[in-house]
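Student: Output the structure for:
(one chain, ligands or ions: 2)
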Amino acid sequence: MPMPSTAWHTLLDSPPLWRLDGLLGDPAATRLLHRLAAEIPWERPTLRLYGREHPIPRHQAWMGDPQARYRYSGRDFSPLPWHPALLEVKAEIEACLAGRGQAASFNSVLLNRYDDGEARMGWHSDDEPELGEAPLIAALSLGAERPLRFRWKDRRTAAFNAWLPHDSLLVMGPGCQDMLQHALLPRKGRNHPPGLRLNLTFRRIQPRQR
Ligand SMILES: O=C(O)CCC(=O)C(=O)O
Ligand SMILES: [Fe+2]
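Tutor: Ligands and ions are numbered 1, 2, ... in the order given. Next up, the predicted model:
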């Protein structure tokens with residue numbers, strides 16, 4: 001098999017925000033998209049907002065090492081065991097980052113599935129205490145290309161889009177969660193509504209001390 005041709009793009013110098021195109025190469029990336037869409041036990045958990053339960057506007061799943069547990073909204077979550085294909089992707093990402101001089105060792109992945117342009121994720125930073133002080137998060141996009149919107153917390157610089165094509169890896173380095181928020185906004189696109197998109201965010205959860 002020829003090595004997929006990859007290229008790094010620097011979206012921001014500081015904090016470091018990078019994109020690598022062609023992480024897995026095709027047809028491997030497209031095969032992975034369809035395999036994960038079919039084999040992952042996708043869920044649509046509900047969130048309580050102003051006293052009412054709302055299903056989140058996308059599907060998701062959480063996988064990782066057994067000790068990569070975290071607390072959210074006062075509840076304890078344990079990851080599902082790794083899907084074998086995701087362990088391979090994790091190794092691939094870690095190798096790519098090592099090649100860029102960036103050591104990383106992930107122990108969990110949050111998978112998001114967006115079926116259409118209505119599916120979305122609101123403004124947030126990935127700044128849960130379990131992720132540590134200055135986390136490095138690497139997110140693989142598969143399927144429909146959509147923009148991840150970034151805005152600065154201090155609002156001094158304009159918001160911007162990071163377009164995430166099929167088989168691209170977005171790396172949010174130390175400081176990204178402190179200084180920026182990001183969101184996957186809904187897209188109407190009457191002529192070209194986006195189709196299925198998966199996003200896999202690899203993270204390192206610090207095991208809880210107790
Ligand atoms: O779907 C995306 O590109 C973003 C996902 C994300 O921000 C997250 O999982 O925290
Ligand atoms: Fe995020």
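Student: who's in contact with Leu111?
Tutor: 36, 40, 42, 60-63, 198-201 (Cβ atoms under 8 Å, 6 or more residues apart in numbering). In short, each C-beta sits where N, CA and C put it, glycine included.
Student: which SS state does Val89 fall under?
Tutor: Assigned by DSSP: H, G, I helix; E, B strand; the rest coil, the conformation of Val89 is helix.
Student: Can you tell me how far it is from Ala95?
Tutor: Distance of Val89 to Ala95, given as Cβ to Cβ, to the nearest Å: 11 Å.
Student: same deal with Leu140?
Tutor: Leu140 is 13 Å from Ala95, by Cβ to Cβ.
Student: Would you mind telling me which of those two has more residues around it?
Tutor: More neighbours surround Leu140 than the other of Leu140 and Ala95, with 27 against 10 (other Cβ atoms under 10 Å).
Student: ok so that one is a strand residue?
Tutor: Yes: if the criterion is three-state DSSP, then Leu140 is within a strand.
Student: so what's the spatially closest residue to Glu39 that is not a sequence neighbour up against?
Tutor: The shortest distance from Glu39 to any non-neighbouring residue, by Cβ to Cβ, 6 or more residues apart in numbering, is to His83 (6.6 Å). Contact analysis of His83 by Cβ under 8 Å, 6+ apart lists 36, 39-40, 63.
Student: Share the number of residues neighbouring whichever residue of the chain sits closest to ligand 1, please.
Tutor: Nearest residue of the chain to ligand 1 (Cβ to the nearest ligand atom) works out as Asn199 at 3.3 Å. A count of nearby residues for Asn199, using other Cβ under 10 Å, gives 22.
Student: How about Leu164?
Tutor: 23.
Student: do the same with the one 3 residues further on
Tutor: Around Asp167 sit 23 other residues, with neighbours defined as other Cβ under 10 Å.
Student: which residue packs closest to it, ignoring adjacent ones?
Tutor: Nearest to Asp167 is Ala29, by Cβ to Cβ, 6+ apart, at 3.9 Å.
Student: check whether the helix or strand harbouring that neighbour contacts ligand 1.
Tutor: Taking DSSP states H and E as the definition, Ala29 sits inside helix 28-39. No: Helix 28-39 stays clear of ligand 1 (Cβ under 6 Å from any ligand atom), getting no nearer than 13.7 Å.
Student: Which elements pack onto that helix?
Tutor: Under the contact criterion of 3 or more Cβ pairs under 8 Å, 6 or more residues apart in numbering; DSSP states H and E, helix 28-39 touches helix 84-99, strand 137-143, strand 197-203.
Student: Counting by contacts, list what the last one packs against.
Tutor: The elements that strand 197-203 packs onto, with contact taken as 3+ Cβ pairs under 8 Å, 6+ apart, are helix 28-39, helix 84-99, strand 108-114, strand 137-143.
Student: any idea which of these is most buried?
Tutor: Highest mean neighbour count of the helices and strands packed on strand 197-203: strand 137-143, a mean of 25 (counted as mean count of other Cβ atoms under 10 Å).
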